[in-house]
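Enquirer: Predicted model and sequence below, questions to follow.
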Amino acid sequence: MKQSEIKDLSAAELQEKLSQTKKVYADLKMAHAISPIANPLQIRSVRRAVARLATELTKRELQ
């Protein structure tokens with residue numbers, strides 16, 4: 001998810017998207033711990049998406 005797409009979301013949508021993305025990240029980590037997944041770089045991209053969403057939420061709270 002790109003930063004421009006994140007900026008267009010409302011605060012409620014950001015919260016929902018963040019919780020969904022965190023769940024996907026946890027599922028990927030668990031799957032990779034059990035048996036290696038085909039594309040381990042997918043974990044990195046999801047982790048960075050979580051960080052982008054959390055950063056945007058924090059930024060909006062501070063304004």
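Expert: In hand now; what should we look at?

Enquirer: Centroid-nearest residue for the protein?
Expert: Val50 (2.5 Å; CA atoms, centre = their mean).

Enquirer: which parts of the host helix or strand of it are buried?
Expert: Here Val50 sits within helix 41-62, counting by DSSP states H and E. Neighbour-count burial for helix 41-62 flags 43, 46, 49-50, 52-53, 56-57 (criterion: 16 or more other CB atoms under 10 Å). From N, CA and C alone the C-beta is placed, and that goes for glycine too.

Enquirer: For the longest helix anywhere in the chain, give me every contacting residue.
Expert: What stands out as the longest helix in the chain, according to DSSP state H, is helix 11-34. Here helix 11-34 makes contact (CB atoms under 8 Å, 6 or more residues apart in numbering) with 1, 6, 9, 37, 40, 42-43, 46-47, 49-50, 53-54, 56-57, 60.

Enquirer: so where is the protein shaky, pLDDT-wise?
Expert: Within the chain, no range satisfies pLDDT under 70.

Enquirer: do that again at 90, thanks
Expert: Under the criterion pLDDT under 90, the flagged ranges of the chain are 1-2, 63.

Enquirer: returning to that earlier point: need the buried residues of helix 41-62 in TSV (columns: distance to His32).
Expert: Shown next, in TSV, are the buried residues of helix 41-62 (distance: CB to CB, whole Å):
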residue	distance to His32
Ile43	6
Val46	11
Ala49	17
Val50	16
Arg52	21
Leu53	21
Glu56	27
Leu57	26
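
Enquirer: buried residues in the helix or strand Ile6 falls within?
Expert: In this structure, Ile6 sits in helix 3-7 according to DSSP H and E. Buried positions in helix 3-7, judged by neighbour count with 16+ other CB under 10 Å: Ile6.
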